[in-house]
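Trainee: only geometry, no sequence info:
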Ligand SMILES: [Zn+2]
């Protein structure tokens, strides 16, 4: 009993620390109970998360390894995403888009780093060759709903259907690329409910939160976007960075931004799915409307 009580207390402490440190997300505290406990038992990563986060902000330039390309982090669950000081994950939402996504792929290649693309089902269906190109260039591909709907405005089943429809469309577009859809998912507008988050996590999806929002959708210059993102990153010391591969300013800011990451000693972690593809997991939705529609 003593051991159990200590574990529960540790879990509560971990939850409190994570809750405090968590940026942007809504209703995170709704994720509690059996799922949260189970997550901690499986991964044991809560204490690491807490210790990494309480160390922040990190001073600049103390973690230089010299190489911009960092390790590959293979994850099976959201809680597995634990970054060390100086590590970043690059994510690009809302594509693929002609003219922008290929340019971003070239810049990533020239810097030798891999990113994660959270594609809209509608965009992947409109540009399947681009979706495949992203996968063929070695980046991870996840999903971001079909139509970029604010899921908090939908009923529960409608929200799950929208997520499943997005996954099905991106998976269809990737067919033949040699790489399946990863179980990575990001909520549009970072708008979620405790119910949806819990349901996705129980379905073995990996919900990608955002630690550093570049706000590259603001009508700022590329230089301002880069400076804002670096400032926020320096303040945190590590984190998941949100970009969008649909804006020219993102294309314009990326080369200098990556150069500066390297100069400041950061490394770019490649995020990969431990269980390759979404179809190895238990499917969360009852109806899979995207699959029915494509018939
Ligand atoms: Zn988006």
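Mentor: Done, it's in. The model shown is predicted, which means the values in this text are computed figures rather than measured ones. Numbering: from 1, shown residues only.
Trainee: Could you count how many residues lie near the closest residue to residue 184 other than its chain neighbours?
Mentor: Excluding the flanking residues, the one nearest residue 184 by CB to CB, 6 or more residues apart in numbering is residue 142, at 2.8 Å. For the C-beta atoms, the positions are set from N, CA and C on the backbone; glycine is no exception. When counting by other CB atoms under 10 Å, one arrives at 26 neighbours for residue 142.
Trainee: give me every residue that touches residue 142.
Mentor: Residues in contact with residue 142 (CB atoms under 8 Å, 6 or more residues apart in numbering) are 116-119, 170, 181-186, 206, 208.
Trainee: and whatever helix or strand residue 268 lives in, what other elements does it pack with?
Mentor: Applying DSSP states H and E as the criterion places residue 268 in strand 267-273. When contacts are defined as 3 or more CB pairs under 8 Å, 6 or more residues apart in numbering; DSSP states H and E, strand 267-273 packs onto strand 69-75, strand 87-93, strand 140-143.
Trainee: Helices of the stretch 101-250 of the chain, start to end?
Mentor: 101-111, 121-126, 128-136, 156-174, 194-202, 222-236, 248-263 (DSSP state H, counting those that start in this stretch).
Trainee: Next, the angle from the fourth one to helix 194-202.
Mentor: This means helix 156-174. Put simply, helix 156-174 runs at 40 degrees to helix 194-202, going by axes from the mean of the first three to the mean of the last three CA atoms, to 10 degrees.
Trainee: and helix 156-174, average pLDDT?
Mentor: Averaged over helix 156-174, pLDDT sits at 97.
Trainee: what do you get for the third one?
Mentor: In this model, helix 128-136 has a mean pLDDT of 97.
Trainee: Quick check: residues of the stretch 151-295 of the chain near the ion?
Mentor: residue 188 (CB under 5 Å from the ion).
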